[in-house]
Each structure stands twice: as C-alpha cells, then as structure tokens.
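Engineer: Next one to model:
(chains A and B)
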Amino acid sequence: MEAFLVVTPGPYTTVQDEGRFGFQDMGVPISGALDAFSLKAANLLVGNAPGAAGLECTILGPRLRVLGVFDIALCGAEMDFSVNGKPAPQWETVRVREGDTVNIGQAKSGCRGYLAVSGGIHVPVVMGSRSTYVGGALGGYRGRILKEGDILKRDPQPPVKRRLTLPGRWIPRHPCEIVLSVIPGPQDDFFDEALTVLFESSYMVTPKADRMGYRLQGPPLLIKEGMPPSIISEPTMPGGIQIPADRQPIILLVEQTVGGYAKIGTVITTDLGKVAQATPGDTFRFKRIGLEEAHGRYKDHVARMRDIAAHLAARQGPGAFGRTSVERR
Amino acid sequence: MGKGLFPRARFRIAGDRGLLAEYGDAIHPDVHHKVRAMAMRLQEESLPGICEILPTYRSILIVYDPMVTGPGDLQQRLNEMEERLSEVSIPEPRLVEIPVCYGEAFGPDLAFVAKVHGLSIEAVIRIHSAPEYLIYMVGFTPGFPFLGGLPEVLHTPRLETPRTRVPEGSVGIANAQTGIYPVASPGGWRLIGRTPLRLFRPQASRPFLYQAGDRIRFIPISEKTYHRIRQEAWG
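Structural biologist: Next comes the predicted model:
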C-alpha cells in the first residue's frame, strides 16, 4: 500500500533496515541504518519489528505527501519536524492521514534522522535486505537516494492502539564533543607512541564523512619504525580506525568491506550510533576500553533494547489512540 | 611447511564483535589454501554465536555475537580445528571461464601495457589468457575478484590518476594482480579488455559466478562474439 509521495527528497535520503549480511566476502557491504538504535526505536514506536525498513535522512530530511492513514515516528537527530506546518514531536508516535504533508527539516543536533512508518517501507528484498547500497546501485528504492516524485509503499500493518512515547532516559543526546570508547587493535602492534597520541588528542570530523567512513583531522598517527605502511587487504568491521598514508584516521563504517591499511583501534559497537550522529566540525575524543568492559556495554545495550520493547508493549493495552500532539486542522 | 605459513594461527582482536585469525604473512597459494580449508571447516562446524566467516588472502575475520560467545572460546575451537585440519578434504576449486574481448575499444590501456613491456599486443593477450588465476579475495565492489598468478612480464603499475568511471566487465592489471570490475565504479587499474558476462546478478538466487578459492581463466573473444554474449547476458 502507498505511504508517501516524495515532494522534496532532501540531499541524501535512503531506505535502510538492519543491514545485508552474508555477502561481505563477495564485496557487498552490510549497509543498513548507520545509527541502528534510532531506527529500532522509531520502528517500535509505530508497532513494527525493530528491524523494519525506514528512511535514513542526512542533515536535511524530505518533504512527504501522505497517501493513507498510518503512524510515523522520527528518531535520531533532532530535526525541524512538522505535519501540515505544525511542529510534531520526535521519539513519539504521530498519526498521519491522507493529504497530510510531513516535513523533516534541518538537523538541529545530530546528523541522521530515522523515519519509521507502520508496516515498514516496502521495497524488494535484495540479498536478504531492503537496505540501499548506493555505490552498488543495490537494494532500497531502485538502488539510489530518493528523488522528487518517488512513491514509497509500506507493508500492511494496523496503526498502534495508543500513542507511544520513548521516555527521556532512553533518548540519546548529540553533543558536538563526543567521546568514543575504543578497543586497541587489530593492528595496535603497528603503533607505539601513536596509541598515546590517539587517546590524548581530539580529532575533528572533516567534510569527508559518509556511510563508508568518517575521515578525521588531528595530530598525525605514525606507524612505528620497521612496520610496513600497509597490510595485506583484510575484511573490515564498522568502527575500525584505519590509518592510511596521510596518517589521519578514518573510522570505517557500514559501506566498507575490505581495507589495506593498519587499524589502530576499533570503536565499540554501542558507540557507532554516536559516530553516525556526528557532523563535520564536531570533535571526537577516544577512550581506551578493554574487551570485557566493551562486552559488558554490549550486553547492557541488548538488555536496554529489551526493556524499551517491553515498556512500549505494556502501553499498548486496550484503548483508543490518544489525541495526537499534532492538532488537526 | 609452505611459504609464508605460520606454524600456528595468530589472533587479533577486531573490536567487540570481530576476531581475526591469521594463517600466514604472504600472498601465496599455500597460505590461501589453509585459509580456505579453515573457513570451510568453520562453515561445517557452525559454532554457536558465529555471525560471519570472512576469508581473505591470509586471514579469516570471524564476526561473533558477544551474547553467545567470545574470542577466548573461539580461539580454542579454532586451534583444535587447525590441529585436525589434515583430516579435512577440500573440494577441488572450480574453474570459471571468462570470455574477454581484448583491445582498443574495450581495453584502453592494452597498447600501453604492450609498449612498456616491449611486447606485441597479441603477445600480451596470449600471456594474460594462459594462466588459471587463483581468486584470493572478492571485494572492493560486489564481485570484484583479486586474482593472483599474473605472469611477471605483465606486472604494470596502476594509473597515476584513477578513472572516475570504469565500465562494468572491464579487465585490468594492477602491479602483480589482475581483476575484473563487475559493476561500473571509479578505478585505477590498467584496462586491457572487457567481458560481456554479467558478473553480478543481485536478484538471482546465486548472485555471483565464483567465490574466493575458485580459479578463473580468460578466453579471448572477437568483438562480434562480445556483442552476441553481451546481448544474451544483459538483454
């Protein structure tokens, strides 16, 4: 069923789900929402499975004409969000009706907004996923970013019984100075003083920051003497901090499959959303963390997701959908 | 022991979900054979908590679920497997034949490659299409095979300035390697020909014709044959 007509697409709006797994060894990157938590939260707020496909909007979102009655939720970056010109709340279910205009404007803090719709965005499943990989013209809406005039469909799903709000304690903030926890390696033995430099300096996000990786600028990170400037190419993990020939770090993300440079450290999984929400000019500081502590954080994060799902499900008891905070005309 | 092989796997921590197992420090068929054997063994075992098994030249990246397993357990299991590896029989690699139309129209750098090595164009084609190349790794773009075994007389450096768009099917040379661009992308390899085959079919049940560990041989074809196969493959 039809969901939206794209009136204006925004500079880089794509369909993303949890990602495309099982083909990285064939050069097909995992793709998926860069800030996985925000997409999951948005999905839960409209009653979807957490991994349903939604829209990832970058810096500036789209303007959409609504083609049915259903729910939406916008999570992630704080953006100018309105329905029919009236401000609409984020991290909350918003009911929309045929003819409404949803506008997702400029990000005020953070970089990427995630819009979920009842049922999830319906595009063909390609190699197990609905995520868009623009570099390979693969998945999503015709393998590309959205354009004016596109018609987006959704899978059938009834609206939620009650408007849902994510409690503030679970809503991440997006400061301009960001601390990322990093596990040294896989090639930390290629570096000596550079490890100290990495953990004691701050690095600025450059304009070369996209779904492949974030190029940073700061004190150079030198490979120690006697070590080769590059390595035999190997698969990369999202969060790997690669040090290329110019000695400036790149945080590799979800559209990278292999790399031929040493990686001094790896950003922990639960901090990747912070990278996704950083914009050029923001600064990162890196905090050294052990593997055990990182696994603790990972387990806490999984438990938190479970708590959020349970909290929202408990509020979905019998009863009518409450008055939306967006007043009707 | 083969060239460049480690006596025992070396492990590296790749973040909180990745464990890298290295089996050697060289680009060599023996090292790659070991990687392939271990990757196959891992696939068969299907250990709990393993999400992805990603073999490349000399290592395997294992992506795991920290809720289920961890690098300690995995290293132990991998070491046990490695000790019993001689019991594993690896199926013969497949040989995949790739038709290629060499020359001017499809390989804008063929004349350059011939000139720098003091060879005729015919000789370059004959030498390039003779070996069975080992696919060490697939990556960079979907289905891009990194092939080892290029005869030394054809080793040619990359372009100084990469092309912004290399057409799909282009066959190129970069130093000691040769490879194919399955999808159009930017690229700096010296282009010597083009295959009419469609090497990446995302909608098909088998999107690719080959995988790492298989072998590729290039079959020279005429421009006429190129157009005929291209028509059949792409419609």
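
Engineer: Next, count neighbours for residue 93.
Structural biologist: No chain was given, so I picked chain A. 27 (other Cβ atoms under 10 Å in any protein chain shown). C-betas here are computed from N, CA, C, even on glycine.

Engineer: could you do chain B instead?
Structural biologist: B:Pro93: 17 neighbours (other Cβ under 10 Å).

Engineer: mind listing the strands in the stretch 151-300 of chain A by residue range?
Structural biologist: Using DSSP state E, counting those that start in this stretch, the strands found in the stretch 151-300 of chain A span residues A:151-154, A:177-184, A:202-209, A:213-217, A:234-235, A:240-242, A:250-252, A:258-259, A:263-267, A:283-288.

Engineer: Need the winner for burial among those strands.
Structural biologist: Among these, the stretch with the highest mean neighbour count (mean count of other Cβ atoms under 10 Å in any protein chain shown) is strand A:263-267, at a mean of 28.

Engineer: what angle separates that strand from strand A:213-217?
Structural biologist: Here strand A:263-267 runs at an angle of 110 degrees relative to strand A:213-217 (axes from the mean of the first three to the mean of the last three Cα atoms, to 10 degrees).

Engineer: any idea of the angle strand A:263-267 forms with strand A:177-184?
Structural biologist: Computed by the same axes, to 10 degrees, the angle separating strand A:263-267 from strand A:177-184 equals 120 degrees.

Engineer: What strands flank strand A:263-267, and is each parallel or antiparallel?
Structural biologist: strand A:177-184 (antiparallel), strand A:240-242 (antiparallel) (DSSP bridges).

Engineer: average pLDDT for the first one?
Structural biologist: Strand A:177-184 shows an average pLDDT of 98 in the prediction.

Engineer: quick one: contacts of it?
Structural biologist: A:195, A:198-199, A:202, A:241, A:264-268, A:271, A:274-275, A:278, A:282-291, A:293-294, A:297, B:13, B:15-16 (Cβ atoms under 8 Å, 6 or more residues apart in numbering or on different chains).

Engineer: For that strand, C-alpha coordinates in CSV please.
Structural biologist: C-alpha atoms of strand A:177-184 as CSV (Å, rounded to 0.1, in the frame of the first residue of the first chain):
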residue,chain,number,x,y,z
GLU,A,177,32.3,16.9,21.6
ILE,A,178,31.9,13.2,21.5
VAL,A,179,33.7,10.5,23.5
LEU,A,180,34.1,7.2,21.7
SER,A,181,35.2,4.0,23.5
VAL,A,182,37.9,2.2,21.5
ILE,A,183,39.4,-1.3,21.8
PRO,A,184,43.0,-1.2,20.6
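
Engineer: Taking strand A:202-209 as reference, get the angle to it.
Structural biologist: Using the same axes, to 10 degrees, strand A:177-184 lies at 90 degrees relative to strand A:202-209.

Engineer: which residues touch A:Arg315?
Structural biologist: Residues in contact with A:Arg315 (Cβ under 8 Å, 6+ apart) are A:Arg162, A:Leu164.

Engineer: quick one: contacts for B:Gly15?
Structural biologist: B:Gly15 neighbours (Cβ under 8 Å, 6+ apart): A:Ile183, A:Gly185, A:Met237, A:Gly239, A:Gly240, A:Thr266, A:Val267, A:Ile268, A:Thr269, A:Ala294.

Engineer: May I ask you to confirm that B:Glu97 is in contact with B:Ile219?
Structural biologist: Yes. Contact criterion Cβ atoms under 8 Å: B:Glu97 and B:Ile219 qualify, at 5.3 Å.

Engineer: Please pull out the lowest mean pLDDT helix or strand from chain B.
Structural biologist: strand B:185-187 (a mean of 89; mean pLDDT, DSSP states H and E).

Engineer: That one and chain A, are they touching?
Structural biologist: Yes. Judged by Cβ under 8 Å from any Cβ of the partner chain, strand B:185-187 and chain A are in contact via B:Ser185.

Engineer: C-terminal to that strand, what's the next element?
Structural biologist: Downstream of strand B:185-187, the first helix or strand assigned by DSSP states H and E is strand B:190-194.

Engineer: Can you list the strands that that next one pairs with?
Structural biologist: According to DSSP bridges, strand B:190-194 has these partners: strand B:95-102 (antiparallel), strand B:170-174 (antiparallel).

Engineer: Can I get the last one in CSV? Just the C-alpha atoms.
Structural biologist: Once non-C-alpha atoms are left out, strand B:170-174 reads as follows in CSV (Å, rounded to 0.1, in the frame of the first residue of the first chain):
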residue,chain,number,x,y,z
SER,B,170,36.5,-4.2,-17.6
VAL,B,171,39.5,-6.4,-17.1
GLY,B,172,42.5,-4.7,-15.6
ILE,B,173,46.0,-5.1,-14.2
ALA,B,174,47.5,-3.5,-11.1
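
Engineer: Next, the buried residues of that strand.
Structural biologist: B:Ser170, B:Val171, B:Gly172, B:Ile173, B:Ala174 (16 or more other Cβ atoms under 10 Å in any protein chain shown).

Engineer: and the longest helix for the chain?
Structural biologist: In the absence of a named chain, this looks at chain A. Longest helix in chain A by number of residues (criterion: DSSP state H): helix A:291-314.

Engineer: if you could check chain B rather than the one you did, that'd help
Structural biologist: Taking DSSP H as the criterion, chain B has its longest helix at helix B:29-45.

Engineer: counting contacts, what elements does that helix pack onto?
Structural biologist: strand B:5-13, strand B:18-24, strand B:50-55, strand B:59-64, helix B:71-83, strand B:133-138 (3 or more Cβ pairs under 8 Å, 6 or more residues apart in numbering or on different chains; DSSP states H and E).
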